[in-house]
Every structure is written in structure tokens, then in C-alpha cells.
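Q: Predicted model and sequence follow; I will ask about them next.
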Amino acid sequence: MHENADLVGGVGGGHLDGLIESLVRQGFAVSPGFAPLSLVRALRKEAMERDQLGEFRLAGIGRRQDHQKDTRVRSDRTCWLKSETLAQCQWLEHMEALRLAVNQSLYMGLFELESHFAIYGPGDYYQRHLDAFNGNNGRLLSVVLYLNEGWQSEWGGRLRIWPEPDATSVATEVEPVAGTLVAFLSEKIPHEVLAATQERYSIAGWFRCNNTTADWLDPPR
Ligand SMILES: O=C(O)CCC(=O)C(=O)O
Ligand SMILES: [Fe+2]
């Protein structure tokens, strides 16, 4: 069988319709088994190799001028993805299928994706936050893919999700199990990564709008 058979089965694969329906209904979606295990394994192996090479950095908060390191808010380490390996290209193809499906059904105008590997060591966390506010960074839709095979519930590391920015009651908690994809509206859904007792591997990504359009059409004078 062609080595991309997994990918062809996975994209389409019945996940996208349910995912979009959940996004419309509640602003977030949890899709277990979204990515095939073969792809999850390849991605985790790459994350581990790049970590060995020292390519991960303590995660920052914010972008550009307001970029700062703040271990009180989060303590994971991250490494940006590039389309430099087959596995990363396959991840990007999955996300391209999601982008097209979301744009077709929800007219969200998702334009480009930025994504990074993240490793939360034992005790690492990311406190409750929104991924975007008032369009500050152009992030519209957030996605997270978990890369942990054999994850045990008692290890912790769940993603806690609230239903709206000011909510006090939790909507759900997601186990960071291999192949599960979570997607949510970046400006609307607060979330928090709870500390785990084991290393927790993931890819987090953000679809952004096309920030350059206005500049091109109506250059500032
Ligand atoms: O790893 C997760 O479950 C979520 C990560 C996250 O919230 C982020 O990187 O902004
Ligand atoms: Fe986040």
C-alpha cells in the first residue's frame, strides 16, 4: 500500500464533519483518533530528536515586541515546525484539509498556520489563558495534537477548557492521548494545561487571518 494511505484515509476520514459541527455548537471540538498512530509516532520521534539537538526553547508569551519569558504563566518548551520531513508535511496536509473544510462551512477566512512542538516536563503547566484577544495576533482557530502513546489518566496533563471567556465552570477536560486533536476558537475559549508527572508531547498550531491584505489593498500613507 502507498505510504500515504494513512493520510488519505485520515484527511476526510469522517473526522472533519463532526469537528466542524462541534465548533459551531460549542466553540471547541475534541476528535480522538484524528491522526493515525504511524504519523503520531513519527512526529514524536522528531520532537525527541530535535530536543536532543537542543532545538527547543523555553516558551515565550506574546509576539514580537511584547515577547517575554514568563515561567509563572507557562513552563513548557517549544520548537517551531517546518515542512522539512514527510511527517511534518503530513501534519500540514491534515491541517490544510481542516482549514479548507472550516473555511467552506464557517467562512472563517483561515489563511495560514503556524505550529510548534511542545514538551511539558513533569510539573510543567500553562495557566488559564486565551490564545488571542481583540485580534492582537491574528489567531482565529487553535489546534492541538497529542503525541503520547499509552498515556495514563493518573499522570495528569489534561487540557482544561472553559466554554467562554468569563466562564467559571469548566466545559470539559481532555486527556493528552496519542492521535487526539483539539480545535477551538482562539479568542473565545479559555484553556489551561494541568501539570503531569510524565513528559507530555504535543503539537500546538494556530490558523491566522491574512493580516497583509489591508496593507496590499490600502497601503498606509
Ligand atoms: O497542550 C495543550 O493542551 C494546549 C497548549 C496551549 O494552550 C498553547 O500552547 O497555547
Ligand atoms: Fe493556548
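A: Right, received. Where do you want to start? Ligands and ions are numbered 1, 2, ... in the order given.

Q: Tell me how far stretch 179-190 lies from the chain's centre.
A: Computed by Cα atoms, centre = their mean, to the nearest Å, the chain-centroid distance of stretch 179-190 equals 7 Å.

Q: Over to stretch 130-137?
A: Computed by Cα atoms, centre = their mean, the chain-centroid distance of stretch 130-137 equals 15 Å.

Q: ok, and what's touching that stretch?
A: The contact list for stretch 130-137, computed with Cβ atoms under 8 Å, 6 or more residues apart in numbering, reads 62-63, 138-140, 142, 165, 186-190, 206, 208-209. Yep, even glycine has a C-beta here, placed from its N, CA and C like the rest.

Q: List the buried residues of it.
A: By neighbour count with 16 or more other Cβ atoms under 10 Å, stretch 130-137 contains the buried residues 130, 131, 132, 137.

Q: could those residues be laid out in TSV, adding pLDDT, distance to residue 104 and secondary structure?
A: Formatted as TSV, the buried residues of stretch 130-137 follow (pLDDT from 0 to 100; distance: Cβ to Cβ, whole Å; DSSP: H, G, I helix; E, B strand; the rest coil):
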residue	pLDDT	distance to residue 104	secondary structure
130	96	26	coil
131	96	23	coil
132	95	22	coil
137	90	24	coil
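
Q: Could you give me the buried positions within stretch 89-106?
A: By 16+ other Cβ under 10 Å, the buried positions in stretch 89-106 come out as 90, 91, 92, 93, 94, 95, 97, 98, 99, 101, 102.

Q: For the longest helix along the chain, name the packing helices and strands.
A: Under DSSP state H, the helix in the chain containing the largest number of residues is helix 86-106. When contacts are defined as 3 or more Cβ pairs under 8 Å, 6 or more residues apart in numbering; DSSP states H and E, helix 86-106 packs onto helix 5-10, helix 15-26, helix 37-52, strand 112-120, strand 139-146, strand 200-208.

Q: mind checking how far that helix is from the chain centre?
A: Remark: helix 86-106 is offset 12 Å from the chain centroid, using Cα atoms, centre = their mean.

Q: can you pull the alpha-carbon coordinates of that helix into CSV?
A: C-alpha atoms of helix 86-106 as CSV (Å, rounded to 0.1, in the frame of the first residue of the first chain):
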residue,chain,number,x,y,z
LEU,A,86,7.5,13.6,5.5
ALA,A,87,5.8,13.5,8.9
GLN,A,88,5.7,17.3,9.2
CYS,A,89,4.3,17.6,5.6
GLN,A,90,1.6,15.1,6.5
TRP,A,91,0.7,17.1,9.6
LEU,A,92,0.4,20.2,7.4
GLU,A,93,-1.7,18.3,4.9
HIS,A,94,-4.1,17.3,7.6
MET,A,95,-4.3,20.9,8.7
GLU,A,96,-4.8,22.1,5.2
ALA,A,97,-7.8,19.8,4.8
LEU,A,98,-9.2,21.2,8.1
ARG,A,99,-8.5,24.8,7.0
LEU,A,100,-10.4,24.3,3.7
ALA,A,101,-13.3,22.5,5.4
VAL,A,102,-13.7,25.2,8.1
ASN,A,103,-13.5,28.0,5.6
GLN,A,104,-16.1,26.3,3.4
SER,A,105,-18.6,25.7,6.2
LEU,A,106,-17.9,28.6,8.6
